[in-house]
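1. quick one: sequence plus predicted model below, questions after.
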Amino acid sequence: MNEAAPLYEIVKRHITDGIVSGAFLPGAKLPSENELVRALGVSRMTVNRALRELTRDGVIYRLQGVGSFVSKAGPNTSLSEVRDIRDIIADRGGAYSCKVLSKQTIPLDQTHTDLFVMEPGQPIANLVLVHFENDVPLQLEQRFVREDFAPDLLNQDFEAESLFDYLQAIAPISELEHVVEATLPDELECEQLQLGGDQPVLRIRRRTWVGGKVVTVGYFSHPGDRYRVAVRLRPSDVRN
């Protein structure tokens, strides 16, 4: 070991060297904090800092109560198109599953009154789902849908069929808006995505139009170290 290097950097180098050499493969579980403490002769605080920084840099990801894992190439979504999360997972060779947390009709609040351009208090359908890749939560979806656009929505089984496909079958999207923010997770995101309060979350708000009417508003939250977004545009798509 290089004694001039900070101890946490030595721990980081031990892990990254193992990844490069193939000792730790993508998706593999890393030694526990206690195992690293014993193997490298450093403090638990030093190991914890090294793991936090590797998580921040996207080299590894951590699941509360489970351990630390080598990151895979994160699934990629384009902001200029809409794709079903199950197709993104399938493209990576992963196994997709979904859990419906809730589905209900609620009165429109002020925030969504503005987003839908509707009168406050009108009924709106609301669904909350978690999408999994290989039994690991990858996306928390909170979706609001106009009742007059999909009146039978809440009677569907979206653990068995795709919410994306169901909405697309009613009418294709004519306009799309994405708003992206990187932030710390709220309580629901921490619980459902198995995140610590200091781990980043990537949150995308999507509005879709059919004709001149906003029909859905969706919030899609992803672990910041396991997901990325991309934009690809032609020069003709860019307006001054």
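-> Done, it's in. Residues are numbered from 1 along each chain as shown.

2. gap between residue 132 and residue 87?
-> 15 Å (CB to CB, to the nearest Å). (Each C-beta comes from the backbone N, C-alpha and C, glycine too.)

3. not counting its neighbours along the chain, what's nearest residue 84?
-> With sequence-adjacent residues excluded and distances taken as CB to CB, 6 or more residues apart in numbering, residue 84 is closest to residue 164, at 3.9 Å.

4. doesn't that neighbour belong to a helix?
-> Yes. Assessed by DSSP: H, G, I helix; E, B strand; the rest coil, residue 164 belongs to a helix.

5. I'd guessed it sits against residue 98; true?
-> No. At 10.7 Å, residue 164 and residue 98 do not qualify as touching, with contact defined as CB atoms under 8 Å.

6. joint contacts of these two?
-> Common contacts of residue 164 and residue 98 (CB atoms under 8 Å, 6 or more residues apart in numbering): residue 86.

7. coming back round to it: give me the more crowded residue out of residue 132 and residue 87.
-> residue 132 (17 against 12; other CB atoms under 10 Å).

8. the more buried one and residue 98 touch, don't they?
-> Yes. Using CB under 8 Å, residue 132 is in contact with residue 98, at 7.0 Å.

9. residue 190 - how many residues pack around it?
-> When neighbours are counted by other CB under 10 Å, residue 190 registers 16.

10. I figured it hits residue 184, correct?
-> No. Counting by CB under 8 Å, residue 184 is not a contact partner of residue 190; they are 9.1 Å apart.

11. show me the strands in the chain, by range?
-> Here the chain has its strands, by DSSP state E, at 60-63, 67-70, 76-78, 96-107, 123-133, 136-146, 175-183, 201-210, 213-223, 228-230.

12. one step back: need the overlap of contacts for residue 190 and residue 184.
-> residue 197.

13. avg pLDDT for the lengthiest helix in the chain?
-> If you go by DSSP state H, the chain has its longest helix at helix 7-21. Helix 7-21 shows a mean pLDDT of 87.

14. for it, packing partners?
-> helix 33-40, helix 44-56 (3 or more CB pairs under 8 Å, 6 or more residues apart in numbering; DSSP states H and E).

15. what's the domain layout of the chain?
-> 7-70, 76-237 (automatic domain parsing).

16. quick one: low-confidence parts of the protein?
-> Low-confidence segments of the chain, defined by pLDDT under 70: 1-5, 57-58, 72-81, 225-240.

17. what sits up against stretch 11-26?
-> With CB under 8 Å, 6+ apart as the test, stretch 11-26 has contacts from 5, 30, 36, 40, 42, 46-47, 50-51, 53-54, 59-60, 70-73.

18. ok, now stretch 144-159?
-> Contacts of stretch 144-159 (CB under 8 Å, 6+ apart): 97-100, 103-105, 112, 116, 118, 123-127, 129, 163, 166-167, 170-171, 210, 213-218.
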